[in-house]
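> sequence and predicted structure are below.
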Amino acid sequence: MIRIYHSAESFLKSRQTFPDYLNQVSDTVRIIIQTVRKGGDAALRDYTDQFDGQRLSHFRIESAEIESAVEHLNADTKAILLEAAENIRQFHQKQYP
């Protein structure tokens, strides 16, 4: 599995070179993609449980739940998310022919 580094220093101390690290990440991602292609939603549920500690019964989120979550965001977090969304939108609009 992918090792998580909490600082550049801990990464450098690991004796792992960056190309080796990228290969490890690529191999892990490849396995995850293959597993999800074969296992579908059940595989996604397993990975959600493994990585997020959540066992989902469904993936669809109802509009009311989204609206409630937005209402409960603090103002700073909401502003940051809106700014990030706008930055992403502007970046990708520049890619249109």
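Perfect, I can see it now.
> from Y96, how far off is F51?
33 Å (CB to CB, to the nearest Å). (C-beta placed from N, C-alpha, C; glycine too.)
> gap between the longest helix that the chain contains and the chain center?
What stands out as the longest helix in the chain, according to DSSP state H, is helix 18-52. In terms of CA atoms, centre = their mean, to the nearest Å, the centre of helix 18-52 is found 11 Å from the chain centre.
> number of nearby residues for D46?
14 (other CB atoms under 10 Å).
> now it: closest residue in space that isn't a chain neighbour?
Distances taken as CB to CB, 6 or more residues apart in numbering place G39 nearest to D46, at 7.4 Å, with adjacent residues excluded.
> how far does the helix or strand hosting L81 sit from the chain's center?
Assigned by DSSP states H and E, L81 falls within helix 75-93. Relative to its chain's centre, helix 75-93 lies at 17 Å (CA atoms, centre = their mean).
> list the buried residues of the longest helix of the chain.
43, 45 (16 or more other CB atoms under 10 Å).
> can you pull the pLDDT of T35?
On pLDDT, T35 comes in at 97.
> any idea how far the nearest residue to it once chain neighbours are set aside lies from V25?
Excluding its sequence neighbours, the residue lying closest to T35 (CB to CB, 6+ apart) is A43, at 4.9 Å. Remark: distance between A43 and V25 (CB to CB) = 19 Å.
> against R89, how distant is T77?
19 Å.
> show me the domain layout of this structure.
Under automatic domain parsing, the residue ranges defining each domain of the chain are 1-58, 61-97.
> worst-scoring helix or strand of this protein, pLDDT-wise?
Scoring the helices and strands of the chain by mean pLDDT, DSSP states H and E places helix 8-13 at the bottom, with a mean of 68.
> confidence-wise, which of the domains of the chain is weakest overall?
domain 1-58 (a mean of 84).
> just to revisit the earlier point, other SSEs contacting the longest helix of the chain?
Where contact means 3 or more CB pairs under 8 Å, 6 or more residues apart in numbering; DSSP states H and E, helix 18-52 is not packed against any helix or strand.
> helix or strand right after it?
Helix 18-52 is succeeded, C-terminally, by helix 63-71 (DSSP H and E).
> sweet, I'm off.
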